[in-house]
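1. Quick check, what structure comes out for this input:
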Amino acid sequence: MHLSDYDYDLPESFIAQTAVEPRDSSKLLVVHRHSGELEHRIFREVTDYLRAGDVLVLNQTRVIPARLKARKATGGAAEILLLQPLGGTRWLAMIGGRNIQIGATLTLENDPAISATVQEIGEETRRVVEFSEAIEPHLDRVGELPLPPYIHQKLDDPERYQTVYSRYAGSVAAPTAGLHFTGDLLVKIQQMGVQIAYCTLHVGIGTFLPVRAEQIAEHRLHEEYAELTAENAKLINEAKLRGGRVIATGTTTARTLETAAIRSAGEAGVDVCPWRPVIAIKEPTTLFIMPGFKFRAVDMLITNFHLPKSTLLMLVSAFAGRDLMLHAYEIAKQQDYRFFSLGDACLLMD
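-> Residues are numbered from 1 along each chain as shown. Below is the predicted model:
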């Protein structure tokens, strides 16, 4: 499979720069993956496709204020994008600025008493930096939410880039499929008899890095921390045994559940039923889902519209088929859907 197979044309005017209000008033393109039928709905109408006994799984990660404006010793501008804590006061980060080498010290603009020294140089703009003190307690004061580079407007309300159920800080980008839910909509879904389960996947560096391998099977995802508790795994498995469907909210949730299903098979040695139960996990995952992958945990997927040549477009193509997804994207453009992080949603189902 070639990287070019997952390319499509998207004029910049289709990229959402602001979020709609209320959250659940965004558009919803329903894609029936077996018949190829497409339906145009509003997101709050997702309830029409759910039924009692289903389980909706949500990623509780919360975006940290990971973008830090800084100054070099020369006074020149720099930027630190925190990616992953490495223990103590050390972080893996992406550094913006010219000629920043090992030993360079960057002083935070919002608190000059705090600095970061470059210790190691990695691929592209990645660096290992060590802060003069623990940075975590100061992030809300000195940092900004790291909006994707294709969003050029600052959010009036930073909470609009968090899901209403976000709980555990650790991501450098939002699990954007969940941005469409309101508290009232989740209550309505539960009142229908749909259970809600939770997982955590902290979105990391892979969100920012393009796929460079022309043969996509050669691409490797960076580690992202994933967690599914035993309580939530049990809830999901029991719902499935009763005939319920598992609806993953976002590609991050799908990757967490499928990682948990793969671990289950490793423990059991064989598949014990047509679906694969999930088990509790608390570990990094590098699971790269591309066409040919066999889904065993996820029955339906709520997701946004993804960038050309991205691993996320490959994941939804694995779930619903490349040709159908590219066709759905073309129809979405004709119907003025809004793309990417602050844009509209898809529901992929049978």
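2. Torsion angles phi and psi at residue 79?
-> Recorded main-chain torsions at residue 79 are phi -140, psi 140, according to degrees, to the nearest 10.
3. Residue 172 versus that one, what's the distance?
-> According to C-beta to C-beta, to the nearest Å, residue 79 and residue 172 sit 13 Å apart. Every C-beta, even on glycine, is put in place using the N, C-alpha and C of the backbone.
4. and what of residue 55?
-> Going from residue 55 to residue 172 by C-beta to C-beta gives 28 Å.
5. cool, and residue 118?
-> Separation of residue 118 from residue 172 (C-beta to C-beta): 19 Å.
6. Have a look at those two and say which one is more surrounded.
-> residue 172 (23 against 19; other C-beta atoms under 10 Å).
7. thought the more buried one was touching residue 63?
-> Yes: between residue 172 and residue 63 there is a contact under C-beta atoms under 8 Å: 6.9 Å.
8. Quick check: neighbours shared by the two?
-> Shared contacts of residue 172 and residue 63 (C-beta atoms under 8 Å, 6 or more residues apart in numbering): 146, 203.
9. residue nearest the centroid of this protein?
-> residue 175 (3.8 Å; C-alpha atoms, centre = their mean).
10. Residue 226 versus that one, what's the distance?
-> Here the criterion is C-beta to C-beta. By it, residue 175 lies 12 Å from residue 226.
11. Overlap in contacts, those two.
-> Shared contacts of residue 175 and residue 226 (C-beta under 8 Å, 6+ apart): residue 201.
12. Once you drop chain neighbours, what's closest to residue 45?
-> Leaving aside its chain neighbours, residue 45 sits nearest to residue 28 (6.5 Å; criterion: C-beta to C-beta, 6 or more residues apart in numbering).
13. which residues touch the residue nearest to the centre of the chain?
-> By C-beta under 8 Å, 6+ apart, the residues touching residue 175 are 59, 61, 163, 201, 203, 249, 250, 252, 253.
14. any idea which element the last one lies in?
-> Taking DSSP states H and E as the definition, residue 253 sits inside helix 251-268.
15. Give me the domain ranges for the chain.
-> Domain segmentation of the chain under automatic domain parsing yields 3-63+156-349, 67-142.
16. For those, could you give me CSV that also reports distance to residue 148 and mean pLDDT?
-> Shown next, in CSV, are the domains of the chain (distance: least, C-beta to C-beta, whole Å; pLDDT from 0 to 100):
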stretch, distance to residue 148, mean pLDDT
domain 3-63+156-349, 5, 94
domain 67-142, 11, 95
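17. and of these, who's closest to residue 150?
-> Closest approach to residue 150 among the domains of the chain is made by domain 3-63+156-349 (5.3 Å; C-beta to C-beta).
18. Could you look up the SS state of residue 206?
-> The three-state label given to residue 206 by DSSP: H, G, I helix; E, B strand; the rest coil is helix.
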